[in-house]
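Trainee: structure for this input, please:
(2 chains)
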Amino acid sequence: MAAKPVPLVTADTRTFWDACAEGALTFQRCAACGHVQFPPRPFCTACRAAGPGTERSAGLGTIHSFTIVHRAPTAAFKADTPYVLALVDFDEGFRLMVNLRGGPPSDARIGLRVRVLFEPLAGGGALPQVRPLVE
Amino acid sequence: MALHAEAASAALADAGLRADEVDGVLCAYSLAEPHLMLSSVFNEYFGIAPSYSAAVQAGGATACALVMQAAALVRAGICRNVLAVCADNRLTGLGRSGAVAALAEVGHPQFERPYGMSIPAAYALVARRCMFERGVTAEHLAAISVTQRGHARRHPKAQARDPLTMEQALSARMIADPLRLYDCCLVSDGGAALVISAADAAADHTDRAVSILGYGQMNTHEHAFAMPSLTDFGCRQSAAQAFAMAGLTPADIDVAEIYDSFTITLLAELESIGFFPKGEAGPAILDGALELDGVLPCNTHGGLLSYGHSGAAGGMFHIVEAVRQLRGEAEARQVAGAETAFVHGDGGILSAHCSLILGRA
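Mentor: Numbering: from 1, shown residues only, chains lettered A, B, ... in the order given. So this is what the prediction gives:
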């Protein structure tokens, strides 16, 4: 069976993935204008200033939208179906696409509060995912 | 390339033009037969040597973008007769699973593909949010596929012509919840081509040309996680540009051919463009708004959902159908007295938008 695609790290994103391997979710905030952005880039997409700073997220967010995937894009994901694909808005103001873990797909709903977790990747590193936040 | 050539030959014959009178060629891309310079590959294969040639890649917006670019080339005096051609043999060249896997590669290589994103899943994210914010229901979406299947049954060249009921659409297998099988477009072989000429050049060759009254474009993002909104899209601005150029409003449109990669694509665009107020497209569609005698006859050939989807050619099928409607050549699916047509294409995850307004010459 074909392996799942793993993130192909670039110079832009090496800091992000290195942090994931250490269990930290990071994002960028522009020192000049305060704009929050993701994924990392060497400039601010709002004011074009160079070198936005990297900050650590508290890892808490809210599901903005989700789907339960029944038809996998490739054979590598077939055994996982049905799985939840979600867009999560993290509290600091950036959005990630993730899978919802830690419960049945029917738990997913818009507005669900979630916390980041990190799944080990084959070949090293870790992929950020989320699970429902239990207060 | 044979599909490209067949479509090009048919378009030239229809326009009354010889191949050596073509001085501009615009084409798209092909998943089944990819090449870095597809327009040059086509020119060589077809046996022509145009002075201007380029390939364009804007997903489902490509066909409309080709017409917009051709019109601009003609208006600038660079070309007299531009051939715009699109084709792909996705069904026989890639197969259904191959096409799904190939298209999933448009997902971001680091931040989407590792999560098992597919194109239907990305549009399902839009559908879920539209249900949450706009009150869109599964019935609204099913009514789109059922209406368009009815149109396709009147088109002898449509790929899917079996009857489709609301019950069948609502109970079909789930692809990416809330999108079921009939909410998703077909995978097809096919091609389509158009000739865009200066008005006086067209008049020398044919009396059946239609006019390009307006066009516009808007590009807001590429990847699903970067969508500025999941309920409002760049078609708002692209359509507004086209309507302003044409001096028309949505109420003036007799027939609409709007990109329908998924049922939710069409519903969201109908509201973003302004054909229906927010939250009202779904109920209107249930009431028959998109039927041939409805307030906005739409996707009269059956669209990507039932006529067919051959990559960029899928978007061009919408333009071809608009031309046929304006010429009164749409036979059993003719909208009576159609004088203005709105055509829209979108590529990516509702990322790239291009709108055209055509009129009876």
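
Trainee: element containing the residue nearest in space to the middle of chain A, please.
Mentor: Geometric centre of chain A, nearest residue: A:Leu96, 4.0 Å, by CA atoms, centre = their mean. A:Leu96 is located in strand A:95-99, with elements delineated by DSSP states H and E.

Trainee: what mean pLDDT does that strand get?
Mentor: The predicted model assigns strand A:95-99 a mean pLDDT of 98.

Trainee: next: stretch A:79-89.
Mentor: For stretch A:79-89, the per-residue pLDDT averages 97.

Trainee: cool, stretch A:18-28 as well?
Mentor: On average, stretch A:18-28 scores 97.

Trainee: about what we covered before: next one: the following helix or strand past the strand holding A:Leu96 to chain centre, how far?
Mentor: With elements assigned by DSSP H and E, the helix or strand that comes after strand A:95-99 is strand A:113-120. Remark: strand A:113-120 is offset 8 Å from the chain centroid, using CA atoms, centre = their mean, to the nearest Å.

Trainee: restrict the lowest-mean-pLDDT helix or strand in chain B to CA atoms and write it as CSV.
Mentor: The helix or strand with the lowest mean pLDDT-type score in chain B, counting by mean pLDDT, DSSP states H and E, is helix B:95-104 (a mean of 82). Taking Å, rounded to 0.1, in the frame of the first residue of the first chain, the C-alpha atoms of helix B:95-104 are listed here in CSV:
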residue,chain,number,x,y,z
GLY,B,95,-9.7,6.4,-14.7
ARG,B,96,-12.0,7.6,-12.0
SER,B,97,-9.7,6.8,-9.0
GLY,B,98,-6.7,8.1,-10.9
ALA,B,99,-8.4,11.4,-11.6
VAL,B,100,-9.5,11.7,-7.9
ALA,B,101,-5.9,11.0,-6.8
ALA,B,102,-4.4,13.4,-9.3
LEU,B,103,-6.7,16.2,-8.4
ALA,B,104,-6.1,15.7,-4.6
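
Trainee: what residues does it touch?
Mentor: The contact list for helix B:95-104, computed with CB atoms under 8 Å, 6 or more residues apart in numbering or on different chains, reads A:71, A:73-74, B:31, B:90-91, B:94, B:113, B:117-119, B:187. In short, each C-beta sits where N, CA and C put it, glycine included.

Trainee: same thing but 10 Å
Mentor: A:2, A:5, A:71-77, B:31-32, B:34, B:59, B:88, B:90-91, B:93-94, B:112-113, B:116-122, B:175, B:184, B:186-188, B:261, B:309, B:311 (CB atoms under 10 Å, 6 or more residues apart in numbering or on different chains).

Trainee: which SS class is B:Arg236?
Mentor: Using DSSP: H, G, I helix; E, B strand; the rest coil as the criterion, the local structure at B:Arg236 reads helix.

Trainee: how far away is it from chain A?
Mentor: 20 Å (CB to the nearest CB, to the nearest Å).

Trainee: in the stretch 201-350 of chain B, which residue sits closest to chain A?
Mentor: B:Phe225 (4.4 Å; CB to the nearest CB).

Trainee: residues near the closest residue to that residue other than its chain neighbours, how many?
Mentor: Nearest non-adjacent residue to B:Phe225, counting by CB to CB, 6 or more residues apart in numbering or on different chains: A:Met97, 4.4 Å away. Per other CB atoms under 10 Å in any protein chain shown, the neighbour tally for A:Met97 reads 24.

Trainee: and A:Met97, what does it touch?
Mentor: Applying CB under 10 Å, 6+ apart, the residues contacting A:Met97 are A:85-88, B:107-108, B:111-117, B:121-122, B:125, B:223-226.

Trainee: for ChimeraX, what selects the buried ones among the residues you listed?
Mentor: Those of the contacts of A:Met97 that count as buried under 16 or more other CB atoms under 10 Å in any protein chain shown are selected in ChimeraX with:
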select /A:85,86,87,88 /B:107,108,111,112,113,114,115,116,117,121,122,125,223,224,225,226
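
Trainee: flag the shaky bits of chain A, pLDDT-wise.
Mentor: A:1, A:135 (pLDDT under 70).

Trainee: pull the longest strand from it.
Mentor: strand A:60-69 (DSSP state E).

Trainee: for the helix or strand hosting B:Asp204, which outside residues touch it?
Mentor: Assigned by DSSP H and E, B:Asp204 belongs to helix B:199-205. Residues external to helix B:199-205 that are found in contact with it (CB under 10 Å, 6+ apart): B:12, B:14-18, B:21, B:23, B:74, B:79-81, B:195-198, B:208-212, B:361.

Trainee: taking these one by one, which sit in strands?
Mentor: Per DSSP E, the contacts of helix B:199-205 map to strands at B:81, B:195-197, B:210-212.

Trainee: I'd like the residues you listed as CSV, with neighbour count, distance to B:Ala256 and pLDDT appended.
Mentor: CSV is the format used below for these (neighbours: other CB atoms under 10 Å in any protein chain shown; distance: CB to CB, whole Å; pLDDT from 0 to 100):
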residue, neighbour count, distance to B:Ala256, pLDDT
B:Asn81, 24, 28, 97
B:Val195, 25, 23, 97
B:Ile196, 26, 20, 97
B:Ser197, 24, 25, 97
B:Val210, 19, 15, 96
B:Ser211, 15, 17, 97
B:Ile212, 21, 16, 97
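
Trainee: nearest to B:His151 among those residues?
Mentor: B:Val210 (20.1 Å; CB to CB).

Trainee: which non-adjacent residue is nearest that closest one?
Mentor: B:Leu326 (4.6 Å).

Trainee: any chance you could map the helices in chain A?
Mentor: Assigned by DSSP state H, the helices in chain A fall at A:14-21.

Trainee: in chain B, which spans are helices?
Mentor: B:2-15, B:38-46, B:62-75, B:90-93, B:95-104, B:119-134, B:138-152, B:166-171, B:199-205, B:235-246, B:263-273, B:281-286, B:303-306, B:312-327.

Trainee: show me what counts as buried in the fourth one.
Mentor: Of all the residues in helix B:90-93, those buried under the rule 16+ other CB under 10 Å are B:90-91, B:93.

Trainee: quick one: contacts of that helix?
Mentor: So helix B:90-93 is contacted by B:3, B:30-33, B:96, B:98-99, B:102-103, B:159, B:186-190, B:308-311, B:313-314 (CB under 10 Å, 6+ apart).

Trainee: ChimeraX command to pick out the buried ones of the residues you listed?
Mentor: Here is the ChimeraX selection string for the buried members of those, based on 16+ other CB under 10 Å:
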select /B:3,30,31,32,33,99,102,103,159,186,187,188,189,190,308,309,310,311,313,314
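
Trainee: give me the number of residues near A:Phe77?
Mentor: That count, for A:Phe77 with other CB under 10 Å as the rule, works out to 22.

Trainee: for the closest residue in space to it that isn't next to it in sequence, what are its contacts?
Mentor: Once flanking residues are discounted, A:Phe77 sits nearest to B:Gly116: 4.0 Å by CB to CB, 6+ apart. Counting by CB under 10 Å, 6+ apart, B:Gly116 touches A:4-5, A:69, A:72-74, A:76-78, A:80-81, A:83-85, A:97, A:99, B:104, B:107.

Trainee: tell me which of the residues you listed fall in strands.
Mentor: Those of these lying in strands (DSSP E): A:69, A:83-85, A:97, A:99.

Trainee: in the stretch 151-300 of chain B, what residue lies closest to chain A?
Mentor: B:Asp177 (4.0 Å).
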